[in-house]
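I'll drop the sequence and a predicted model, then ask my questions.
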Amino acid sequence: MLQAWDPFTVLAQLDEDFDELVRRTWGSATSGRLAFGYVPPVDMYVDGKDVVIRLELPGVDVDKDVEINIEDGRLTISGSRRHEISEGGNGDRALVRELHQGSFWRQFALPEGVQPGDITATYDKGILSVRVRDVIKRGKAHKVAIGKGNGTSQVSVGRNGS
């Protein structure tokens with residue numbers, strides 16, 4: 001019997017073959033080897049004396065799947081992003097999977113003296129914003145003079161107005 005060529009069946013088989021190749025090469029989370037994870041993009045900027053860190057976390061339940069910790073002068077934001085893909089009862093399968101998922105963590109060094117009460121976080125429309133209050137210290141500017149010598153450079157540091 002002749003069977004009609006279905007390009008979607010071929011694409012689905014290619015997807016399964018590629019997934020198997022990746023699993024054999026790099027292992028899976030259950031094999032104890034490294035697995036691919038989700039790394040959320042970050043924007044960090046200064047707002048007055050505060051530093052704001054924004055992470056793109058669409059589709060993440062921040063109440064259940066995200067933690068923010070401070071330890072040893074570091075701010076750590078960790079969690080996981082999951083997508084539930086249900087296979088249909090009629091043998092339906094996903095043909096393309098491009099939505100990133102997996103565990104993630106991002107870590108940032110904190111200036112000395114930051115206390116847990118100095119940090120607040122909000123989540124709105126897929127963006128987690130973490131504000132570290134009053135960390136930008138404005139001091140006097142210092143001018144660095146560069147001297148020239150016998151093939152070597154000499155650097156002297158002086159205060160403005162000195």
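Received the coordinates, thanks. Numbers count the residues shown, from 1 in each chain.

show me where the protein has strands.
42-47, 50-56, 66-71, 74-81, 102-109, 119-124, 127-132, 142-148, 153-159 (DSSP state E).

closest one to Val22 among those?
Each of the strands of the chain has some distance to Val22 by C-beta to C-beta; the shortest is strand 102-109, at 13.1 Å. Heads up, the C-betas are built off the backbone N, CA and C, glycines and all.

list of residues touching the closest one?
Strand 102-109 has contacts (C-beta atoms under 8 Å, 6 or more residues apart in numbering) with 35-40, 42, 44, 53, 55, 73-81.

in the longest helix along the chain, which residues are buried?
Using DSSP state H, we find that the single longest helix of the chain is helix 7-26. Within helix 7-26, no residue is scored as buried using 16 or more other C-beta atoms under 10 Å.

can you pull the contacts of the most centrally placed residue in the chain?
When the chain is reduced to its mean C-alpha position, the nearest residue by C-alpha atoms, centre = their mean turns out to be Pro40, at 3.5 Å. Residues counted as contacts of Pro40 (C-beta under 8 Å, 6+ apart) are 55-57, 81, 104, 106.

excluding chain neighbours, give the residue nearest to it in space.
Nearest non-adjacent residue to Pro40, counting by C-beta to C-beta, 6 or more residues apart in numbering: Leu55, 4.6 Å away.
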